[in-house]
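*Asks:* fold the following.
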Amino acid sequence: MSRIFITIAIIFFSLNVYTQSADDLNKRGLRSYERGDYDAAIADFTAAIEKTSRLARNARGLSNGFAADGDPVDEAALKVRAIDPHTAGYLLNRGNAFLVRNDIDRAISDYSEALAISPALVPAYFCRGSAWMIKKDLQHALADFEKLLKLDPRYVRGYVGRAMARLDSGDVRGAFEDFDHAIKLEPKNAANYCQRGDARRLTRDLVGAHADFENAIKLDPRFPNSYLGRGTIRLRDKDFPAAIADFTTALTLDPRLAQAYRNRGVVYYILGKKPEAEKDFSQAVTLAPWLRWEIEANVKEIEGWRK
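*Replies:* Residues are numbered from 1 along each chain as shown. Model prediction:
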């Protein structure tokens, strides 16, 4: 499946005295999120939610039970009664923490509750659409990105998200129209070029992909995913030293980039450097347990080449 780069929607509010402690908890949760302590982040976001809401089905509150387009929200969303509108932001942040922990269903539940409270909370549609992408539920993903862009036609990540969903749905032309529109809106955003480069890689346009990754690096030399993407192209071209250099640079910029550990481990395994490969594979699985099966498939494939 194509990648979606999820960026936590950092939400700060100007609050009254009653909710100040909840805001402090939210800020502390965001700091924990940024250093990779997701359990601590979830605990703080949960405490903030509990201070500003009552979790009771069919209770009266700010949630009216309807989404932005007038459709009833799902059952999971009906259990929250907000007594402060900022609860939606705390739910969004906790959903992001669940998402990076690969607890997709709980992330979707939090995003749905956030939207029940604040139906025009655009980042929640993006995050929920991205979660649907991970579950390979492209119909729901596309619906969320469409709602997002209807609410805010200039929300660039909405076009990127819809592009990836369209690409996975087989609508290649529509996907690249969305990528191009995103770049038109933000021509100096390295992430947009990186996403389009990844899409070009997936559609076997390796020359175009390499050019997009190069452009992304020129625009922002500290954006790690550009090196991850370029390293993947170099791995495919069997330029192993350059691939290792790119994956190492990506990890220097972001030590939690699990795919970079996995890809560098693959290169080491191809080169017969098994201790180095096993160390990288172990780190990748620690950060992203679901990569275990991809790594096992990679190792099996490499061993097959050698027979």
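*Asks:* Ala116 and Leu92: what is the separation?
*Replies:* Using CB to CB, to the nearest Å, Ala116 is found at 12 Å from Leu92. C-beta coordinates here come from the backbone N, C-alpha and C atoms, glycine included.
*Asks:* an error on my part: the question was meant for Arg35.
*Replies:* Going from Arg35 to Leu92 by CB to CB gives 19 Å.
*Asks:* looking at those two now, which is surrounded by more residues?
*Replies:* When neighbours are counted by other CB atoms under 10 Å, Arg35 and Leu92 differ, and Leu92 comes out ahead with 28 against 10.
*Asks:* please work out how many residues are found near Ala243.
*Replies:* When neighbours are defined as other CB under 10 Å, Ala243 has 23 of them.
*Asks:* quick one: what helix or strand has it in it?
*Replies:* Assessed by DSSP states H and E, Ala243 sits inside helix 240-253.
*Asks:* residues in contact with that helix: which ones?
*Replies:* 222-225, 227-228, 230-232, 234-235, 257, 260-261, 263-264, 267-268, 270-271 (CB atoms under 8 Å, 6 or more residues apart in numbering).
*Asks:* so which of these are in strands?
*Replies:* Applying DSSP state E to the contacts of helix 240-253, no entry is found in strands.
*Asks:* can you tell me which of the residues you listed are buried?
*Replies:* With burial judged by 16 or more other CB atoms under 10 Å, the buried subset of those is 223-225, 227-228, 230-232, 234-235, 257, 260-261, 263-264, 267-268, 270.
*Asks:* and the helices in the stretch 101-250 of the chain?
*Replies:* Under the criterion DSSP state H, counting those that start in this stretch, helices of the stretch 101-250 of the chain are mapped to 104-117, 122-134, 138-151, 156-169, 172-185, 190-202, 206-219, 224-236, 240-253.
*Asks:* dump the ones you listed into JSON lines; add mean pLDDT and distance to Lys300 as well.
*Replies:* Below are these laid out as JSON lines (pLDDT from 0 to 100; distance: least, CB to CB, whole Å):
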{"stretch": "helix 104-117", "mean pLDDT": "94", "distance to Lys300": "27"}
{"stretch": "helix 122-134", "mean pLDDT": "95", "distance to Lys300": "24"}
{"stretch": "helix 138-151", "mean pLDDT": "97", "distance to Lys300": "29"}
{"stretch": "helix 156-169", "mean pLDDT": "95", "distance to Lys300": "25"}
{"stretch": "helix 172-185", "mean pLDDT": "97", "distance to Lys300": "30"}
{"stretch": "helix 190-202", "mean pLDDT": "95", "distance to Lys300": "22"}
{"stretch": "helix 206-219", "mean pLDDT": "96", "distance to Lys300": "24"}
{"stretch": "helix 224-236", "mean pLDDT": "96", "distance to Lys300": "17"}
{"stretch": "helix 240-253", "mean pLDDT": "98", "distance to Lys300": "20"}
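*Asks:* relative to Asn298, which of the ones you listed is closest?
*Replies:* Closest of the helices of the stretch 101-250 of the chain to Asn298 is helix 224-236, at 10.8 Å (criterion: CB to CB).
*Asks:* now the closest one and helix 206-219, what's the angle there?
*Replies:* 150 degrees (axes from the mean of the first three to the mean of the last three CA atoms, to 10 degrees).
*Asks:* off-centre distance for helix 224-236?
*Replies:* 18 Å (CA atoms, centre = their mean, to the nearest Å).
*Asks:* ok, and what's touching that helix?
*Replies:* With CB under 8 Å, 6+ apart, helix 224-236 has contacts from 5, 190-191, 193-194, 197-198, 201, 206, 209-210, 212-214, 216-217, 220, 240, 242-247, 249-251, 253-254, 257, 259-260, 263-264, 266-267.
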